[in-house]
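S.K.: Generate a structure from the sequence data that follows.
(one chain, ligands or ions: 1)
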Amino acid sequence: MSSVSGSPAFKALEGDDEVIIGLEVHCQLDTRTKLFCGCSTDYRDDGPNTHVCPICLGLPGSLPAVNRKAVEFALKVAKALNCRVLEESEFSRKNYFYPDLNKGFQISQYDKPLAVEGWLRIEGDNGEKTVRITRVHMEEDPGRLVHKGGADRPKYTLVDYNRAGIPLIEMVTEPDIRSPKEARRFLNKLRATLEYLGVFDSEKEGSLRVDANISIQPRGWFEAHGKGMEGRGRTEIKNISSYKGVEKALTFEITRQKNLIRRGQRLETATRHFVETRGVTTASRSKEMEQDYRYFPEPDLVPLRVSDWCERIVLPELPDARHNRFMEEYGCSYNHARTLTGDLRVAEFYEKVAAVDPRIAATWVADTLLGELNYRDMNIAKVSPSHFIELLQMLREDVITDKSAVEVLRVILDQLAEGCQCEAPSTCVARLNLAKTADDGLDAVIEEVTEEHPQAVEDFHNGRKEALNFLVGQVMRKTRGRVDPGDVNRRLREILSHGGT
Ligand SMILES: [Zn+2]
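M.R.: Numbers count the residues shown, from 1 in each chain. Below is the predicted model of the structure:
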């Protein structure tokens, strides 16, 4: 993350320009059945066109019926994003032709969306900030095209309607985001919020897609002119399908737009596509922004009157509340609490292991474990809380040093990464002989080292501090990190001062 937004190209942004970003985020709601029919949404491991029926295939004469659970999920999202739910909202037909859209229209919401005027707090580039949410609406996912023989020049294309009719929620922000990093933080916070609500599973492939609007304007221009004005022109990057992709696409686009501005060229307001494999955006052939979808109310569905229902919905604890609770209940630092609550699975894991010692657990989960998992591109769900508790207990009871604990953790994670059954930490400590050396053992090693390095001992007695550091290093090497450097330092001083040589 930091490598992208910290790239020289991004830092080169001049002081009197600012980046204006707005996002449209589509997330699949994690219901059991589709939005308007009873077909199962669990299609990812099955063959193409096996989760379809006359309704989601759009056959003539079929009638859609709204999935109650999907509406409930959407209302939870609207409430969690502090939106106002409209007293009456309705579904509309968005008409266009594309092979993945079997009906010739998509059932979406247009001028009467489910909810409007919300907000989400995020960690901005200059402290906490509020990103306003323009609207939240529901729609159905189209099918999926499968290009055979390479995506650039496919020999032929197949269509799979298993995805057609999966409930989506679309969330549109005001252009309040000012950098690719803020965009990434907004998405992380949004994902966490949706997962806390139990309405979204970010692990499912293709469950999130983002369109990003971006322009670079003279500082203050946006505040003076507001939304909808052209200014220097803006770009809409369509269909980015990963969190990292959003940050990369925006960073690339900033460089491209800045180069145009520097050369005095006017930026056309246009649609572009992000090519994930190359990390670039390319011009779109179609002028999608100018397309007229001829929206009209869906005649087969009644309007939704759900604002009363929304008021009765009780939300679970959300990330900000859990953040505060972790600080109060477990004494976590602000940053540890933020890291631990930023992902539902991490928060739940921490609560399972915190009983050993909340502070030790916070440091070891937030700093060590997450770093090691990230390095292996591994999910915390793979790690057994009971194994982690065992590791923390050995640390707390001083059986192993910090250094050895990291070694044990790495061994276990490597075993898991290879798909093996992992060892229990205590077994691993015994096998690798990592238990802390007892003090008498330490004295023996110190004696060995002082005998081997009489010059260093003499230097120490002559008041040269670096000689002590050298001797500590030698002892650490011989004990392979099984002792605390602090203990070694203290014991060495004692022996050298009193025992003398
Ligand atoms: Zn169906």
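
S.K.: Relative to Met378, how far out is whichever residue of the stretch 401-501 of the chain sits closest to the ion?
M.R.: Closest approach of the stretch 401-501 of the chain to the ion (CB to the ion) occurs at Gly419, with a separation of 35.8 Å. Heads up, the C-betas are built off the backbone N, CA and C, glycines and all. Plainly put, Gly419 is 11 Å away from Met378 if you go by CB to CB, to the nearest Å.

S.K.: same check, this time on Met394
M.R.: Met394 sits 22 Å away from Met378, going by CB to CB.

S.K.: With neighbour numbers in mind, choose between these two.
M.R.: Neighbour count, other CB atoms under 10 Å: between Met394 and Met378, Met394 has more, with 21 against 15.

S.K.: Assess the claim that Leu86 and Glu117 are in contact.
M.R.: No: counting by CB atoms under 8 Å, Leu86 sits too far from Glu117 to count as a contact (10.0 Å).

S.K.: For those two, work out which one has more neighbours and name it.
M.R.: Leu86 (22 against 14).

S.K.: mind checking how far that one is from the ion?
M.R.: Separation of Leu86 from the ion (CB to the ion, to the nearest Å): 28 Å.

S.K.: Which parts of the stretch 401-501 of the chain are helices?
M.R.: Using DSSP state H, counting those that start in this stretch, the helices of the stretch 401-501 of the chain run over 402-417, 425-431, 439-452, 454-461, 465-479, 485-494.

S.K.: Kindly apply the preceding question to the stretch 151-300 of the chain instead.
M.R.: Here the stretch 151-300 of the chain has its helices, by DSSP H, counting those that start in this stretch, at 180-196, 221-225, 243-262.

S.K.: Can you give me the domain assignment for the protein?
M.R.: Here the domain parsing of the chain from automatic domain parsing is 2-291, 319-431, 439-499.

S.K.: Figure out which of these is closest to Pro297.
M.R.: Shortest distance between Pro297 and these, using CB to CB, is found for domain 2-291: 5.5 Å.

S.K.: Quick check: the residue lying closest to Val356 once chain neighbours are set aside vs Ala355, distance?
M.R.: In this structure, Val356 finds its nearest non-sequential neighbour in Leu392, 4.3 Å apart by CB to CB, 6 or more residues apart in numbering. Distance of Leu392 to Ala355, given as CB to CB: 9 Å.

S.K.: Same check on Glu128?
M.R.: Applying CB to CB, the value for Glu128 to Ala355 is 31 Å.

S.K.: Check Thr193 too.
M.R.: Thr193 is 27 Å from Ala355, by CB to CB.

S.K.: ok, now Ile177?
M.R.: Counting by CB to CB, the gap from Ile177 to Ala355 is 39 Å.

S.K.: Neighbour count for the two, which is higher?
M.R.: The neighbour count for Ile177 versus Ala355, taken as other CB under 10 Å, is higher for Ile177 (28 against 11).

S.K.: Tell me who's in contact with the more buried one.
M.R.: Applying CB atoms under 8 Å, 6 or more residues apart in numbering to Ile177 gives the contacts Ile20, Ile21, Gly22, Leu23, Val131, Ala183, Phe186.

S.K.: give me the element the fifth one is part of.
M.R.: Looking back up the chat, that one is Val131. Following DSSP states H and E, one finds Val131 within strand 127-140.

S.K.: element containing Ala70?
M.R.: helix 68-80.

S.K.: Who are the packing partners of that helix?
M.R.: Applying 3 or more CB pairs under 8 Å, 6 or more residues apart in numbering; DSSP states H and E, we find helix 68-80 packed against strand 84-85, strand 115-124, strand 127-140, strand 167-173, helix 180-196, helix 307-312.

S.K.: got the phi/psi numbers for the closest residue to the ion within the stretch 351-500 of the chain?
M.R.: Shortest the stretch 351-500 of the chain-to-the ion distance, computed as CB to the ion: residue-wise this is Ala381, at 30.4 Å. Per-residue torsions, Ala381: phi -60, psi -20 (degrees, to the nearest 10).

S.K.: Quick one: name the residues of the protein near the ion.
M.R.: Contact residues (CB under 5 Å from the ion) of the chain with the ion: Cys37, Cys39, Cys53, Ile55, Cys56.

S.K.: Glu87 and Ser307 touch, don't they?
M.R.: Yes: at 5.0 Å, Glu87 counts as touching Ser307 under the criterion of CB under 8 Å.

S.K.: Compare these two and say which is more crowded by neighbours.
M.R.: A count of neighbours by other CB under 10 Å puts Ser307 above the other of Glu87 and Ser307, at 17 against 12.

S.K.: now the closest residue to the more buried one other than its chain neighbours: how far from Thr130?
M.R.: Counting by CB to CB, 6+ apart, Ser307 lies nearest to Val85, which is 4.5 Å off, once chain neighbours are set aside. For Val85, the distance to Thr130 equals 20 Å [CB to CB].

S.K.: In contact with Leu250: list those residues for me.
M.R.: Counting by CB under 8 Å, 6+ apart, Leu250 makes contact with Ile21, Pro180, Ala183, Ala212, Ile214, Ile237.

S.K.: Swap in 7 Å and give it another go.
M.R.: By CB atoms under 7 Å, 6 or more residues apart in numbering, the contact set of Leu250 is Ile21, Pro180, Ala183, Ala212, Ile214.

S.K.: any idea of the pLDDT on the closest residue to Asn489 other than its chain neighbours?
M.R.: The shortest distance from Asn489 to any non-neighbouring residue, by CB to CB, 6+ apart, is to Val472 (5.4 Å). Looking at Val472, its pLDDT stands at 88.

S.K.: How about the contacts made by Val472?
M.R.: Pro485, Val488, Asn489, Leu492.

S.K.: ok, the spatially most central residue of the chain to Glu123 distance?
M.R.: Note on the chain: the residue nearest the mean C-alpha position is Asn188, at 4.4 Å, using CA atoms, centre = their mean. With distances taken as CB to CB, Asn188 is found 9 Å from Glu123.

S.K.: Then Gln257?
M.R.: For Gln257, the distance to Glu123 (CB to CB) stands at 25 Å.

S.K.: shaky segments in the stretch 301-450 of the chain?
M.R.: 437-440 (pLDDT under 70).
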